[in-house]
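*Asks:* This is a predicted model, with the sequence first.
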Protein chains: 10
Amino acid sequence: MSAIYDRSEVTRQIVSAKVRKGIKWADVATQVGQSKAWTTAACLGQMQMTKAQADVVGGIFDLNDEAIAWLQIVPYKGSLPTPVPTDPLIYRWYEIVSVYGTTIKELIHEEFGDGIMSAIDFSMDIDRQADPKGDRVNVVLSGKFLPYKMY
Amino acid sequence: MSAIYDRSEVTRQIVSAKVRKGIKWADVATQVGQSKAWTTAACLGQMQMTKAQADVVGGIFDLNDEAIAWLQIVPYKGSLPTPVPTDPLIYRWYEIVSVYGTTIKELIHEEFGDGIMSAIDFSMDIDRQADPKGDRVNVVLSGKFLPYKMY
Amino acid sequence: MSAIYDRSEVTRQIVSAKVRKGIKWADVATQVGQSKAWTTAACLGQMQMTKAQADVVGGIFDLNDEAIAWLQIVPYKGSLPTPVPTDPLIYRWYEIVSVYGTTIKELIHEEFGDGIMSAIDFSMDIDRQADPKGDRVNVVLSGKFLPYKMY
Amino acid sequence: MSAIYDRSEVTRQIVSAKVRKGIKWADVATQVGQSKAWTTAACLGQMQMTKAQADVVGGIFDLNDEAIAWLQIVPYKGSLPTPVPTDPLIYRWYEIVSVYGTTIKELIHEEFGDGIMSAIDFSMDIDRQADPKGDRVNVVLSGKFLPYKMY
Amino acid sequence: MSAIYDRSEVTRQIVSAKVRKGIKWADVATQVGQSKAWTTAACLGQMQMTKAQADVVGGIFDLNDEAIAWLQIVPYKGSLPTPVPTDPLIYRWYEIVSVYGTTIKELIHEEFGDGIMSAIDFSMDIDRQADPKGDRVNVVLSGKFLPYKMY
Amino acid sequence: MSAIYDRSEVTRQIVSAKVRKGIKWADVATQVGQSKAWTTAACLGQMQMTKAQADVVGGIFDLNDEAIAWLQIVPYKGSLPTPVPTDPLIYRWYEIVSVYGTTIKELIHEEFGDGIMSAIDFSMDIDRQADPKGDRVNVVLSGKFLPYKMY
Amino acid sequence: MSAIYDRSEVTRQIVSAKVRKGIKWADVATQVGQSKAWTTAACLGQMQMTKAQADVVGGIFDLNDEAIAWLQIVPYKGSLPTPVPTDPLIYRWYEIVSVYGTTIKELIHEEFGDGIMSAIDFSMDIDRQADPKGDRVNVVLSGKFLPYKMY
Amino acid sequence: MSAIYDRSEVTRQIVSAKVRKGIKWADVATQVGQSKAWTTAACLGQMQMTKAQADVVGGIFDLNDEAIAWLQIVPYKGSLPTPVPTDPLIYRWYEIVSVYGTTIKELIHEEFGDGIMSAIDFSMDIDRQADPKGDRVNVVLSGKFLPYKMY
Amino acid sequence: MSAIYDRSEVTRQIVSAKVRKGIKWADVATQVGQSKAWTTAACLGQMQMTKAQADVVGGIFDLNDEAIAWLQIVPYKGSLPTPVPTDPLIYRWYEIVSVYGTTIKELIHEEFGDGIMSAIDFSMDIDRQADPKGDRVNVVLSGKFLPYKMY
Amino acid sequence: MSAIYDRSEVTRQIVSAKVRKGIKWADVATQVGQSKAWTTAACLGQMQMTKAQADVVGGIFDLNDEAIAWLQIVPYKGSLPTPVPTDPLIYRWYEIVSVYGTTIKELIHEEFGDGIMSAIDFSMDIDRQADPKGDRVNVVLSGKFLPYKMY
């Protein structure tokens, strides 16, 4: 058994086991007891798990003790291989930031003044919205507003 | 009166007039009769206006006829000066795509199969959510799911 | 037998077997029952296959069960190693986008208004066109027009 | 009257006049006597015009003699401001090259052997295809196949 | 009097007046009533001023009303012309992030768990520290720790 | 036992052992007898250790003689995988340089004249600062001022 | 014997054998019966060989059947690891394109009109030219002129 | 009459006059008394002229004394706006370097040993080569071989 | 008289006057009383001048008072337009860093241990070295060694 | 024993053996009979060795025959992993080129006219210069001046 040098090796083990065993993220989230978005992000190496969560995830994906230890480490975050993503689904989100970036900035500043919407004290929810003209992806993002401090 | 060569010149005239006259996007949207997000994006050179909308916007920002004609042209879209945005507020959105990109991809595919969430048949709503621990920015994104076609 | 961690490993197995066994994409497409373009793209890791399609492809290229499971996963798309492609054949297509990009934009907008030609509800057909001055490559692209939504 | 230093200045004059006067590319093409694609590309600084064509175009867009002389010069080609285009319509074409690039390569080589599809001895036609599920953009590309020479 | 289209034009007016009139940032900060770091950053287009602050700054640097209005707008932040700064003084800071980046990450996580040090609820103080072997630049950075939220 | 070709292999062994054995940087620093910041940076491949230090570190992380020899070599420094870091914690530091870069430059020059704050004759201290509104990360950076030489 | 997944693996086998066995490209070209430039490019993974050529090359460099099959595949072309080459000899050629690029463009257009010099119907010859002031590298490039098509 | 701040301003004056007056590079070269390639490169800001040459060129293109003085200055060389050129004619040359780069390197080293082909002690000749299958562009490059020095 | 917004405007005035008036850097250095290298760098916007030096330089190049004030400001350093320089003379220096970079690192570390050669407490001298085989450029660089501090 | 496919593998063997055995470059240079700079560069894969030199180096670093053969091949040069180096020692050299680049260009052209300082017919010497204020690194670079040829 060779040593694990990198959190991304554990991510690859999880993804490999997921395909091999046909696991669903929704089921993982239920067992972990957190939302689908947070749980998936944590499995894909973007969030730190507690020991209890790591044990559950380790059980689901047949991970060994060393891999389970890595799940409890704060990872080096960033899930994409290139600054501008090539995958069409992810690119559409990048495009939204590109096209609407200054709009988002203007509207948040008009409502709140100078500051940012936190990407840390943040949650995301992704759901299907039935629609006779074709179902829609409905996404709710919620981030605490953090005002710039004057000093 | 010199000619206008580029939609971005009109954007700069709008932004300059907005600062000089203290105009609010919410008021512009009310007069245009569309949402705040769409209206702001259209003023910032990301959407095409109808003649009626362009006339309203031209009146608000003191634009001449040539500028009003440009508002009715489909613009070359993309509102940010660099591939990785430097502005902290906009960067947080880029960071969300970077950190959650593979998560978003996994969850949409798990729910819908292969395809994308449209950034064209798309709407966005940005609001304040009161919270005793500090108000939050609440964003709702809604995009039609477009399945990949097999042929 | 080591685990598969990535769809691109399956692509490499397919390409390796194709060279070794002298398989033709046209024959793969016939057996899969879809077009040459879709079938080739799917084998090269750009499209998701159904179970039936994956079984056929697995049989043709001697893939094991885990690899066949990967064929049914939505891949991380993007088939080129660099933003500006170095291969002359593929570069010519990039050059067409570079030289004709604004022309394509103008003509689609003149005909349809603001919106895009879908790359998802999309098909492509590549054929030989006999010509006494040298045969030509004839390509037909068909994409649904998606108008920008006003909201 | 100041001197013109660059073909792109003439392009900007043409685009400015087009917006101001509400000209259509299809009408320009009819008067020039070439296809819509070639004519638009030529006006946008990607093709060289003959004297007769330049005179017609100069008349339509109110260009002076120096600008008309520039239309007859071979331009420095490339119509996009960034290697990866930010405009959604043009990006979809870039995405097609990214996703289908290796597919296009495989199928052309399977049919023709080593070589390229010319982007010089090339034509493009863009049309509306009526469809009850939503009209489609239909594009036909035709390029001479050029085999690599052995020497 | 031509219109102002961009916050960076006001920054250039401020810097130009500063050189011409020999003004010191420390004196500006005293008059504005905030720290040197915040005041300088605000003058250089990185922070939003209140009306009172903007009036003081406008008086110091001979700005007109439109420029003073711009000082009260949230700017598009980012003060450097290139992703990797060329100026040796600023580069040394970039180098500290490059060399010590993973160290900073490890030590903050060891002390606080997963989260970040805020760059918004943040202050900075730069001072001279006398030292017989050569005076030192002493910098104190203070940022609120923001833990990642589990949901 | 295969040879070690690169200092980064030793870093990966150290990080792997740290996760597996649950070691803390603060404890390593105590045993090495240097500050937390320097010790962590040295273990992560950014500083050269003395033989005595390398022996201590080798003992803590179960390194073999060849790895211990590598700890005493001056490493090729730079700890981040991309010019603009993707990890949110490290990015915040990059953002501070981006937003405050020109401010830092102005204030150091105003106090010291032309020159730089050394990143070599440099120390850093990272600590928790208790705060009823949420604890803060307190960082003290101290670098010798180096004036440009006239010659 | 492990499978070959990529043409570049065959290139590496060829280069490795060439060093080990002290083979000269000129001799390979003689045996293959083509020019030195074409033969070397083909061995380095830039051209497709016929079966007869591949058998000869396989014999010279001790390649197995699978590698010989790969020599007959059209490769993904592009022989350099970076967009701007770091190797001084190759950089000088890049510099010639950089310094003389617009000159080459002007002179070809002055002689031929709009179009390109083909890099496909192309040959190259590299020879030593004796010179008392130091021998020279003499290179002859010949490419068919391809005029842009009007349509 | 405003001052000239940059050699590229003179290049733009030359190119502007060339279009306006319909001048040919071949005629300029004849009057200057040097080759077409050198003369064109010199006019386009890549070579330094003698006073006599600059006077001739100034006469042809109606340049004033200050512009003529700039022609005698060594310019900052590099004639292309992007590292990877977008213009198809110039790109083909870049492609030749990309595809044949390692071939050129191998053949020059096989003939001469380690060193480079000079791009300074260098000449280039571009001519039309009549060919019944379509005329060809014939280019002869001649550069002194410079061996690496051992010391 | 318009205001000066940027040190680079003064550099352009200096270079323009130098060409117009035929001034030599060696003479400027003599009058300023510093070395050729330092004086040229200072004039080109890389060093801060004293008031006395700025007055001398202002006199030589006909600068007004505002420009002379800018000469006494610490400039934003970095004299090249691209990260990899296109000018052949400057590129050769970049190439030396590229080819010899690790050699320089090894030899300085072998002699001095961990640390750097200062680019601040630094001087440079460039001279002609007569040589019967062709004169040589002789460059002497001298930088203080700065050891990394352990803390 | 597996085959060697790349000169960089030999470099890694040399560096690995150097650390393991505690070898000094100065001693290698003495045994090879060339300067320290050339010898180190050659060992690090930037120069071609003669058979005699390669045998000596192979003996010192325990290389096998195949590795020794590779030492006699002209390598693909360029020793740094990124265009802008991250290592502080090497970066200082890059910074010198960035800050002094235009100065170097001006002074060499003022002395020699148009041309370059050769990086091929070039030598470098790095030495310690004792100094009571702290020892200095003294570097002497000598490169033949190569004038641009007029033709």
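*Replies:* Noted; the coordinates are in hand.
*Asks:* A:Gly101: what's it in contact with?
*Replies:* By Cβ atoms under 8 Å, 6 or more residues apart in numbering or on different chains, the contact set of A:Gly101 is B:79-80, B:85, B:87, B:90, B:93. C-beta: built from backbone N, CA, C; applies to glycine.
*Asks:* could you point out which element follows the longest helix seen in chain A?
*Replies:* Of all segments of type helix in chain A, defined using DSSP state H, the longest is helix A:88-112. Note on helix A:88-112: by DSSP states H and E, the next helix or strand toward the C-terminus is strand A:115-129.
*Asks:* do whichever helix or strand comes after that next one and chain E meet?
*Replies:* Sequence-wise, the next helix or strand downstream of strand A:115-129 (DSSP H and E) is strand A:136-147. Yes - on the criterion Cβ under 8 Å from any Cβ of the partner chain, strand A:136-147 is in touch with chain E at A:146-147.
*Asks:* A:Leu44 and A:Val10 touch, don't they?
*Replies:* No - checked against Cβ atoms under 8 Å, the pair A:Leu44 and A:Val10 is beyond contact range at 10.0 Å.
*Asks:* Look up how far B:Lys149 lies from the closest residue to A:Val97 other than its chain neighbours.
*Replies:* Distance criterion Cβ to Cβ, 6 or more residues apart in numbering or on different chains; nearest residue to A:Val97, sequence neighbours excluded, is B:Trp93 at 4.8 Å. With distances taken as Cβ to Cβ, to the nearest Å, B:Trp93 is found 30 Å from B:Lys149.
*Asks:* Please say which of those two ends up with more neighbours.
*Replies:* Ranked by neighbour count (other Cβ atoms under 10 Å in any protein chain shown), B:Trp93 and B:Lys149 place B:Trp93 first, with 26 against 17.
*Asks:* In contact with the more buried one, which residues?
*Replies:* Neighbouring residues of B:Trp93 by Cβ under 8 Å, 6+ apart: A:97, A:101, A:104, A:117, A:119.
*Asks:* Could you look up the SS state of the residue of chain A found nearest chain J?
*Replies:* Residue of chain A nearest chain J, by Cβ to the nearest Cβ: A:Pro83 (14.9 Å). Of the three states, A:Pro83 takes coil under DSSP: H, G, I helix; E, B strand; the rest coil.
*Asks:* So what's the residue count around it?
*Replies:* The tally of other residues near A:Pro83 (other Cβ under 10 Å) stands at 17.
*Asks:* My guess is it contacts B:Pro83. True?
*Replies:* Yes - between A:Pro83 and B:Pro83 there is a contact at 5.5 Å, judged by Cβ under 8 Å.
*Asks:* Next, find the distance separating the residue of chain A most remote from its centre from E:Gly143.
*Replies:* Relative to the C-alpha centroid of chain A, counting by Cα atoms, centre = their mean, A:Tyr151 is the outermost residue, at 34.0 Å. Separation of A:Tyr151 from E:Gly143 (Cβ to Cβ): 12 Å.
*Asks:* same check, this time on A:Val19
*Replies:* Look at A:Val19 and E:Gly143: by Cβ to Cβ, they are 41 Å apart.
*Asks:* The two: which is more packed in?
*Replies:* Shown here are A:Val19 and E:Gly143; by other Cβ under 10 Å, E:Gly143 has more neighbours (24 against 20).
*Asks:* Which residues does the more buried one form beta bridges with?
*Replies:* For E:Gly143, the beta-bridge partners are E:Phe122, F:Val137 (DSSP bridges).
*Asks:* Now do the contacts for it.
*Replies:* By Cβ under 8 Å, 6+ apart, E:Gly143 lies in contact with E:117-119, E:121-123, F:92, F:136-137, F:139.
*Asks:* rerun that using 10 Å as the cut-off
*Replies:* A:149, E:108, E:116-124, F:92-93, F:96, F:129, F:136-139 (Cβ atoms under 10 Å, 6 or more residues apart in numbering or on different chains).
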